[in-house]
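**Student:** predicted structure and sequence below. I'll ask about it afterward.
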Amino acid sequence: MTSLMKMGAVIVAGGLGSRAGGALPKQEQMLAGKTVYQWSLQAFIEHPAIDSIALVVPATRIQSYQHIDADNIRLVTGGSTRTASVRAGLEALALGANDIVMIHDAARPGLNGELIDRLIEAMQTATAAAPALLITDAVKRQTDDKLENVQRSDLRRIQTPQAFRYQDILDALQDQALDFVDDLAAVEAKGHKIVLVEGRPELDKITYAGDLDRMTRLLDAASPPRIGQGFDVHAFEPGDHVVLCGHKIEHHASLKGHSDADVGWHALTDAILGALAAGDIGDHFPPSDPQWQDVESGVFLSHAIKLAEKRGYGLASCDITLICEAPKVKPHREAMRLRTAEICDLPIESVSIKATTTEQLGFTGRGEGIAAQAIAVLSAQENTA
């Protein structure tokens, strides 16, 4: 491939994916931390050889993709058939005749840079290339009254992305009356040299509802748990109680804060937001906003948990450390764990709350306030659609 040759990608997400179930098309459902289509889009965005990308989506769903804002991504509405959608994506790229284009199904989320590299290498000598897997199971053809064995040694499971010279695939798809089973079929009859490269099990296609859970398990290694850390501190002020991890404790002073000043849950909220790389509690609930005056900190914590769920993650466990000389935490620890487990929808064994002092050093040692730090572990959720 010459340095002047460009490479583009067409991601076909133009169907409604109703067989997968759920309220949203399958390409918009959450899978191991992000939407199905984002897995493929991110793989192409991150590959240095890909110059431009056409994301083909249903006309009725285009508003759901308007947030995508990048110079090298074209948002394209699909046609009535897959082939029509592919043609629309190709025309949006407007590559040179000998440039390379990869056409990929958004419903195959297990794409990575290594596979893209294999296709690029294959295109040095071929005019078309595609990933494929050997068939290892016994294969039989069923007739009305018997099963017939099928020789599997020369059978292959063909996946996407499939790579072509731009003008070759554009010409092959010009017949408006045809809808090909895949894009290789469009060029096979024209005598092009096709090379198959090693595919990936993670590139299996999502079609039915159970496929989303199966693919989540396959991609777990690609979406490891996310860990966040939070820290918060509040000074004492005149009062008769403090609220720590949702539990009221009688004390000779209260904690000063815009909300109920629950330093433990504030730290946990920041830990969850940190694991999501979603800023901090002040970004979501500015202390200058009067609507948060005296609000219970469970509102903040619930918001962070719901934000994680929206992004495909669930809180798996948490560890909160309260740092103070007084009040004594140990007598109240189990009540705090229970309240935290309830609001986080966690088993109590997944909630750790402990306390320590600073040996009378610093502001907590002088009894001027309470500090807290927290660790939150988020795991990718299985599809529940």
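**Tutor:** Received the coordinates, thanks.
**Student:** the protein: helices as residue ranges?
**Tutor:** Taking DSSP state H, the helices of the chain run over residues 36-46, 82-93, 113-122, 166-172, 183-188, 209-219, 263-275, 281-284, 298-310, 333-344, 362-365.
**Student:** low-confidence ranges in the stretch 51-200 of the chain?
**Tutor:** 176-179 (pLDDT under 70).
**Student:** quote the end-to-end distance of stretch 322-338.
**Tutor:** 16 Å (C-alpha to C-alpha, to the nearest Å).
**Student:** and it, which residues are buried?
**Tutor:** 322-324, 327, 329, 332-333, 335-338 (16 or more other C-beta atoms under 10 Å). Placement of C-beta: from N, CA and C, glycine included.
**Student:** list the contacts of that stretch.
**Tutor:** 242, 244-247, 249-251, 263-264, 348, 351-358, 360, 364-365, 367, 369-373 (C-beta atoms under 8 Å, 6 or more residues apart in numbering).
**Student:** at 6 Å instead, please
**Tutor:** 245, 247, 249, 251, 264, 348, 351, 353, 355-357, 364, 367, 370-372 (C-beta atoms under 6 Å, 6 or more residues apart in numbering).
**Student:** out of these, which end up buried?
**Tutor:** Using 16+ other C-beta under 10 Å, the buried members of the contacts of stretch 322-338 are 245, 247, 249, 251, 264, 351, 353, 355, 364, 370-372.
**Student:** in strands only, show me these.
**Tutor:** 247, 249, 351, 353, 355, 370-372 (DSSP state E).
**Student:** can you put the residues you listed in TSV and add pLDDT?
**Tutor:** Compiled in TSV, those are given as follows (pLDDT from 0 to 100):
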residue	pLDDT
247	96
249	95
351	97
353	97
355	96
370	97
371	97
372	97
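**Student:** returning to that earlier point: how about the helices of the chain, which one is nearest residue 152?
**Tutor:** Residue 152 lies closest, by C-beta to C-beta, to one member of the helices of the chain: helix 183-188, at 19.5 Å.
**Student:** which parts of the closest one are buried?
**Tutor:** 183-184, 186-187.
**Student:** can you check stretch 37-55 too?
**Tutor:** Applying 16+ other C-beta under 10 Å to stretch 37-55 flags 37-41, 43-44, 47, 49-50, 52-55 as buried.
**Student:** need these in JSON lines with distance to residue 119, can you?
**Tutor:** What follows is the buried residues of stretch 37-55, written out as JSON lines (distance: C-beta to C-beta, whole Å):
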{"residue": "37", "distance to residue 119": "20"}
{"residue": "38", "distance to residue 119": "21"}
{"residue": "39", "distance to residue 119": "17"}
{"residue": "40", "distance to residue 119": "14"}
{"residue": "41", "distance to residue 119": "17"}
{"residue": "43", "distance to residue 119": "12"}
{"residue": "44", "distance to residue 119": "12"}
{"residue": "47", "distance to residue 119": "10"}
{"residue": "49", "distance to residue 119": "10"}
{"residue": "50", "distance to residue 119": "11"}
{"residue": "52", "distance to residue 119": "16"}
{"residue": "53", "distance to residue 119": "15"}
{"residue": "54", "distance to residue 119": "17"}
{"residue": "55", "distance to residue 119": "19"}
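**Student:** tell me the one among the residues you listed nearest to residue 67.
**Tutor:** residue 38 (11.1 Å).
**Student:** so what's that closest one up against?
**Tutor:** Here residue 38 is in contact with no residues (criterion: C-beta under 6 Å, 6+ apart).
**Student:** can you start the count at 17 instead of 1 from here on
**Tutor:** Got it, first residue is 17 now, which makes that one residue 54.
**Student:** mind checking how far residue 352 is from residue 256?
**Tutor:** Separation of residue 352 from residue 256 (C-beta to C-beta, to the nearest Å) stands at 19 Å.
**Student:** any weak-confidence spans in the stretch 217-366 of the chain?
**Tutor:** For the stretch 217-366 of the chain (pLDDT under 70), the answer is 232-234, 236-239.
**Student:** dump the ones in strands among the buried ones among the contacts of stretch 338-354 to JSON lines, plus distance to residue 124.
**Tutor:** Converted to JSON lines, these look like this (distance: C-beta to C-beta, whole Å):
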{"residue": "263", "distance to residue 124": "48"}
{"residue": "265", "distance to residue 124": "54"}
{"residue": "367", "distance to residue 124": "38"}
{"residue": "369", "distance to residue 124": "43"}
{"residue": "371", "distance to residue 124": "50"}
{"residue": "386", "distance to residue 124": "51"}
{"residue": "387", "distance to residue 124": "48"}
{"residue": "388", "distance to residue 124": "44"}
